[in-house]
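1. Sequence first, predicted coordinates after that:
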Amino acid sequence: MTEDNKRTKRLLATREKLHRKPLLSRNPLWRFCQVVLYYGIIIPVLKVSLPPILGLKLENRKAFRQLKEKGFVVVSNHVHPMDCTFIGLAVCPRRLIFTSQEETFYVRGLGLLLKLLNCVPVLTGVHGLRKFLDTMEEELKQGKAVVVYPESEIELICDHLRKFSDGAFTMAVRADVPVVPLVVTPREPKGLWKLTRREYCLTLTVGEPIYAEAQESEKRTIHQLRDTTRSAMEQMLAQGGHAYPKEKPDTEGAFWQVKKSKDLTK
């Protein structure tokens, strides 16, 4: 058996396991470990490290106060490999359910770590996508918060919004919960940041919750919510920092680039 065949066989086995098992574990010990890791290690480390390393600034976190103990969907532009950590800090002390491409979970060891960090795969295929949406709808109705990147893939420090998929808005409409828009923008470094010759610092801006307005069909309601959210995010981008790199960053071979496995998605 060739190396390619071995790899394909391993990926197929991983995919089958992902699709067969529940997306979120109900095991009390597993959940205890998640909580300890999240609040005991991850959040403290991020609070100490992100502001000095990336110049991270969080704006309008108070928007989450009105959603205390309520379910909601967070949508954000995807412009940095660490932007999920920005969102985690912004929403804290609420713990989030993060979503990621199914292919990310194919990487040995990474899938286990992602699950420990309360991240679930966006399953591919008709049955897989249905399972994903049904699970997220159930969690949202129970008051959980879910993070979705409607652009799906990262484009480093992109100055515009790319095409949105409907997944985040579908689960919000079906669970009858609001969408909270977020945008990450680069701003000009000032003070000590300028002395370090940093090209830009980062700002995460939280928008106000957006509720769906019922239309003549569920599909139109989903599209209305998607378009309203996108419009709000475009305004937030326009008002945010504009210290975008003059040249497009070279991200070929970057660690966050996940190789697609199209032959496994049927």
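-> Arrived safely.
2. Please make it C-alpha for all contacts and neighbour counts, starting now.
-> OK.
3. For this structure, name the helix or strand with the lowest mean pLDDT.
-> helix 192-195 (a mean of 74; mean pLDDT, DSSP states H and E).
4. And the next helix or strand past that one?
-> strand 201-206 (DSSP states H and E).
5. what packs against that following strand?
-> Here strand 201-206 touches strand 57-59, strand 179-187, going by 3 or more CA pairs under 8 Å, 6 or more residues apart in numbering; DSSP states H and E.
6. Pick the most deeply packed of those.
-> strand 179-187 (a mean of 24; mean count of other CA atoms under 10 Å).
7. Other residues contacting that one?
-> 72-79, 83, 157, 159, 169, 172, 200-211, 229, 232-233, 236-237, 240-244 (CA atoms under 8 Å, 6 or more residues apart in numbering).
8. make it 7 Å
-> Contacts with strand 179-187, where a contact means CA atoms under 7 Å, 6 or more residues apart in numbering, come from 72-77, 172, 200-211, 229, 233, 236-237, 240-244.
9. any chance of the helices and strands packed on strand 201-206 in a markdown table, plus distance to residue 99 and mean pLDDT?
-> Formatted as a markdown table, these follow (distance: least, CA to CA, whole Å; pLDDT from 0 to 100):
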| stretch | distance to residue 99 | mean pLDDT |
| --- | --- | --- |
| strand 57-59 | 21 | 95 |
| strand 179-187 | 15 | 96 |
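10. Output the ones you listed as CSV; include the columns distance to residue 48.
-> Converted to CSV, those look like this (distance: least, CA to CA, whole Å):
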stretch, distance to residue 48
strand 57-59, 13
strand 179-187, 19
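11. Nearest to residue 97 among these would be which one?
-> Comparison of the helices and strands packed on strand 201-206 against residue 97 by CA to CA identifies strand 179-187 as nearest, at 14.2 Å.
12. angle of the closest one against strand 201-206?
-> 160 degrees (axes from the mean of the first three to the mean of the last three CA atoms, to 10 degrees).
13. chain center to strand 179-187, what's the gap?
-> 12 Å (CA atoms, centre = their mean, to the nearest Å).
14. Next one: residue 83 from residue 23, what distance?
-> 22 Å (CA to CA, to the nearest Å).
15. Just the contacts of strand 179-187: which are in helices?
-> Among the contacts of strand 179-187, the members falling in helices (DSSP state H) are 172, 229, 233, 236-237.
16. possible to save the residues you listed as a markdown table with pLDDT, neighbour count and distance to residue 132?
-> Output for the ones in helices among the contacts of strand 179-187, formatted as a markdown table (pLDDT from 0 to 100; neighbours: other CA atoms under 10 Å; distance: CA to CA, whole Å):
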| residue | pLDDT | neighbour count | distance to residue 132 |
| --- | --- | --- | --- |
| 172 | 97 | 26 | 13 |
| 229 | 98 | 23 | 22 |
| 233 | 97 | 25 | 25 |
| 236 | 96 | 19 | 29 |
| 237 | 95 | 21 | 30 |
